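[1] what follows is a predicted structure for the sequence shown.
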Amino acid sequence: MIDFVATRQGTDPKAAACARLLTAVIAMSIRDACRPPNKAEKRGNPRVIDIDQEALSALRFLFARQSPFSLYCSLIGAGAEDIRRALIDPDKTRGNELKDKDFRILRARLTWSGLREDMWTA
């Protein structure tokens, strides 16, 4: 992930530090959303209550319409929709840390959680 604000020439040091913190929050949420599946998830099609709760919380942060994720993205100089699309479309994210299994886990959890694409797009 590129932290645009923190890397700009002339950025106030406090603003750059805040941008790095928000970038870390977003990156951690992505890692949490892609956590290895628990036993219920491995069996396939679990109820929402059976989904790994940290992963579910991360998914809600990343994809729910009421989440501050879009604000965080704008504060670091990134597009929330671009990041969301990259997370569900592996062809758009070649060369990053996410593996194919991460994409499969994330997409499955999105389906199981009910956080459909139409819920977070404008």
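    Nice, thanks for sending it over. Since we're looking at a predicted model, the values are computed, not measured. Residues are numbered from 1 along each chain as shown.
[2] contacts, neighbours, all on C-alpha from now
    OK.
[3] buried ones in the one helix or strand Arg31 maps to?
    Per DSSP states H and E: Arg31 is located in helix 13-33. With burial defined by 16 or more other Cα atoms under 10 Å, the residues of helix 13-33 counted as buried are 16, 18-23, 26, 29-33.
[4] would you state the helices of the chain in chain order?
    4-7, 13-33, 39-43, 53-63, 69-76, 80-88, 100-113, 117-120 (DSSP state H).
[5] switch those helices over to TSV; also include mean pLDDT.
    TSV is the format used below for the helices of the chain (pLDDT from 0 to 100):
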stretch	mean pLDDT
helix 4-7	64
helix 13-33	91
helix 39-43	92
helix 53-63	95
helix 69-76	93
helix 80-88	88
helix 100-113	89
helix 117-120	59
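[6] residue contacts, Phe103?
    Residues in contact with Phe103, defined by Cα atoms under 8 Å, 6 or more residues apart in numbering, are Cys34, Leu87, Ile88, Asp89, Pro90.
[7] using TSV, lay out those residues together with neighbour count and distance to Thr111.
    Output for these, formatted as TSV (neighbours: other Cα atoms under 10 Å; distance: Cα to Cα, whole Å):
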residue	neighbour count	distance to Thr111
Cys34	25	14
Leu87	20	14
Ile88	17	11
Asp89	13	14
Pro90	17	16
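[8] Gly114: which of the residues you listed is nearest?
    Distance to Gly114 across the contacts of Phe103 (Cα to Cα) is lowest for Ile88, with 14.5 Å.
[9] let's see the helix holding Arg31 as CSV, backbone CA atoms only.
    Provided in CSV are the C-alpha atoms of helix 13-33 (Å, rounded to 0.1, in the frame of the first residue of the first chain):
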residue,chain,number,x,y,z
PRO,A,13,5.7,16.0,10.2
LYS,A,14,2.6,15.6,12.4
ALA,A,15,0.4,15.0,9.3
ALA,A,16,2.9,12.5,8.0
ALA,A,17,2.9,10.6,11.3
CYS,A,18,-0.9,10.5,11.4
ALA,A,19,-1.0,9.3,7.8
ARG,A,20,1.5,6.5,8.6
LEU,A,21,-0.7,5.5,11.6
LEU,A,22,-3.8,5.4,9.5
THR,A,23,-2.0,3.4,6.9
ALA,A,24,-0.9,0.9,9.6
VAL,A,25,-4.6,0.6,10.7
ILE,A,26,-5.7,-0.2,7.1
ALA,A,27,-2.9,-2.7,6.6
MET,A,28,-3.6,-4.5,9.8
SER,A,29,-7.3,-4.7,8.9
ILE,A,30,-6.4,-6.3,5.6
ARG,A,31,-4.2,-8.8,7.4
ASP,A,32,-6.9,-9.5,9.9
ALA,A,33,-9.5,-10.0,7.2
